[in-house]
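In: next input, structure requested:
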Amino acid sequence: MARIIMHLDMDSYFASVEQQANPTLRGIPIAVTGRPHESSIIVAASREAKRCGVKSAMPNWEALKLCPSLKLVSGKAERYIATTKRFLSILKRYTPLLEVFSIDEVFMDITQESRRYGGPLGMARLIKDEFREALGEYITATVGIAPNKAFAKLIANRNKPNGIGQLRDEEISSLLAEILIGDICGIGRRIEGRLNRVGIHTLADLGHTSERYLKQEFGVYGLFLKEIGQGRDPTPVIPYTTAAPVKSVGHSKSLPPQLRAFNLALLVLRGLCDKVGRRMRKLGYVGRTVYFHFRLGSMGPHHGKQITLPFSTDDGETIYNACLAIYRKIPVHPDSVSQVGVSVSNLTEKRGRSGYLLTKDQQRERLNSAVDRIRDRFGERAIVTGETLLFDVIPEHVGGFSQGKEWEF
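Out: Predicted coordinates:
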């Protein structure tokens, strides 16, 4: 029995949530951004703004040049998380095989359940009706239905906005010659470029390429490429009740102009390292590999390196000192940067590990535990490192809550 996979993607999500919440924003081009009055980027554009050419990740100034009437709206992460929880509570009633792909996208395996609702199209219409009733008329979703995840997402993209599309198993083979490889989720620009350089442009081209060559060039990932080229994607829908293993923990910040001098950017970095350490402790992990990066200019190149420590840690100060060591290894030493970031990988569970042997490490662990308890009770700013008091708090980036906030549902 062929699987039936539904991909549900919210349309212009952050912007539509703002338009639903504020009637004065309806019918006009708006864009959600981190900092409307400073150098920043567009996080989400409304349908009206998209018609003017405004896109996500576009600098504010460029968006305003394309659409002078564009209204920039400061993002509100809590509002979007709350809305996501509401629509997820609806979807959970339809199937337990629900995978949260991002804040505004889900996959659902409805192979068994769809027949109760008159088939997958009937189920999709019922879901959209419930969304309209519970969320409001301005918050809409596009639904794609196919035998696997990759093609469900593809057909959803082709039916945006607010549409429903279905691709049956027997229809896939006839479409392979017209689908460009870059249209498939999981094939990024770098892989697309490498494939294009050897004459592989469509899924049909990919399907006709030898498995041996793809495996030689791309390793195990080459097997996935071969499957996709033949219209198959065996990737399962991973239910929200199954926690995926954490591979890394990280934070980054785009800096306002007054904090771009490198010595001030290091103060921000110190706070980010503290946040990474706190999240690791909350998740129950310690890690050995630290990656530090910075960006030159609002659209400039990234520079970064990583080092692997001789021991695992969840301590913000240790992570920060590792970043300084990494910086000394990077040949570029700028006077100013527009973004800094840090992540820790090579993670292992802290539970079951033997304790620290050195007294100073034991003291540091007790200090971190005490700080965590204070923050849990009184908030994140109740106790902070001294460096973070030397500058005003940077507003939370609206696209970063998946890293910075826990939003279990």
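
In: any low-confidence regions in the stretch 251-400 of the chain?
Out: 298-300, 352, 354-356, 387-400 (pLDDT under 70).

In: where along it do the helices fall?
Out: Secondary structure of the stretch 251-400 of the chain by DSSP state H, counting those that start in this stretch: the helices cover 262-283, 316-329, 359-378.

In: just name the most buried of the ones you listed.
Out: Neighbour counts (mean count of other C-beta atoms under 10 Å) averaged over each of these peak at helix 262-283, with a mean of 20. C-betas here are computed from N, CA, C, even on glycine.

In: so which elements touch it?
Out: strand 248-254, strand 285-295, helix 316-329, strand 339-349, helix 359-378 (3 or more C-beta pairs under 8 Å, 6 or more residues apart in numbering; DSSP states H and E).

In: and the first one, which strands flank it?
Out: Okay, so that is strand 248-254. strand 339-349 (antiparallel) (DSSP bridges).

In: got the helices and strands packed on helix 262-283 as CSV, with distance to Ile179 columns?
Out: As requested, the helices and strands packed on helix 262-283 are exported to CSV (distance: least, C-beta to C-beta, whole Å):
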stretch, distance to Ile179
strand 248-254, 32
strand 285-295, 34
helix 316-329, 41
strand 339-349, 33
helix 359-378, 48
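
In: looking at these, which is closest to Ser89?
Out: helix 359-378 (25.8 Å; C-beta to C-beta).

In: for that closest one, packing partners?
Out: For helix 359-378, the packing partners by 3+ C-beta pairs under 8 Å, 6+ apart are helix 262-283.

In: circling back to that earlier point, now the helices of the stretch 251-400 of the chain as JSON lines including distance to Glu171?
Out: Converted to JSON lines, those look like this (distance: least, C-beta to C-beta, whole Å):
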{"stretch": "helix 262-283", "distance to Glu171": "43"}
{"stretch": "helix 316-329", "distance to Glu171": "50"}
{"stretch": "helix 359-378", "distance to Glu171": "52"}
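
In: ok, which of those comes nearest Thr289?
Out: Using C-beta to C-beta, these put helix 316-329 closest to Thr289, at 9.2 Å.

In: gap between the nearest residue to Leu296 once chain neighbours are set aside and Gly304?
Out: Using C-beta to C-beta, 6 or more residues apart in numbering and skipping the chain neighbours, the partner closest in space to Leu296 is Pro334 (5.7 Å). As for Pro334, its distance to Gly304 is 13 Å (criterion: C-beta to C-beta, to the nearest Å).

In: between the two, which contacts overlap?
Out: Phe294 (C-beta atoms under 8 Å, 6 or more residues apart in numbering).

In: quick one: contacts for the residue nearest to Leu296?
Out: Applying C-beta under 8 Å, 6+ apart, the residues near Pro334 are 262, 294, 296.

In: the last one and Val337 touch, don't they?
Out: Yes: assessed by C-beta atoms under 8 Å, Leu296 is found in contact with Val337 at 6.2 Å.

In: name the residue in these two with the higher neighbour count.
Out: With other C-beta atoms under 10 Å as the criterion, Leu296 and Val337 differ in neighbour count, and Val337 comes out ahead with 25 against 17.

In: how about the contacts made by that one?
Out: Neighbours of Val337 in contact, by C-beta under 8 Å, 6+ apart: 255, 260, 262, 265, 294-296.

In: could you do Gly199 as well?
Out: Contacts of Gly199 (C-beta under 8 Å, 6+ apart): Asp205.

In: where does it sit: helix, strand or coil?
Out: The three-state assignment at Gly199 reads coil, by DSSP: H, G, I helix; E, B strand; the rest coil.

In: any idea how far Gln363 is from it?
Out: In terms of C-beta to C-beta, Gly199 sits 62 Å off from Gln363.

In: thinking again about what came up before, so which of the helices and strands packed on helix 262-283 comes closest to Glu18?
Out: Across the helices and strands packed on helix 262-283, closest to Glu18 is strand 248-254 (C-beta to C-beta), at 20.3 Å.

In: mind checking the end-to-end distance for stretch 33-53?
Out: 16 Å (C-alpha to C-alpha, to the nearest Å).

In: what's the answer for stretch 198-214, then?
Out: End-to-end for stretch 198-214, by C-alpha to C-alpha: 11 Å.

In: how far away from the center of its chain is it?
Out: 29 Å (C-alpha atoms, centre = their mean, to the nearest Å).

In: from now on call the first residue 32
Out: Understood, numbering begins at 32; the last thing we discussed is stretch 229-245.

In: list the buried ones in it?
Out: For stretch 229-245, the neighbour count (16 or more other C-beta atoms under 10 Å) marks 231, 233-238, 240, 245 as buried.
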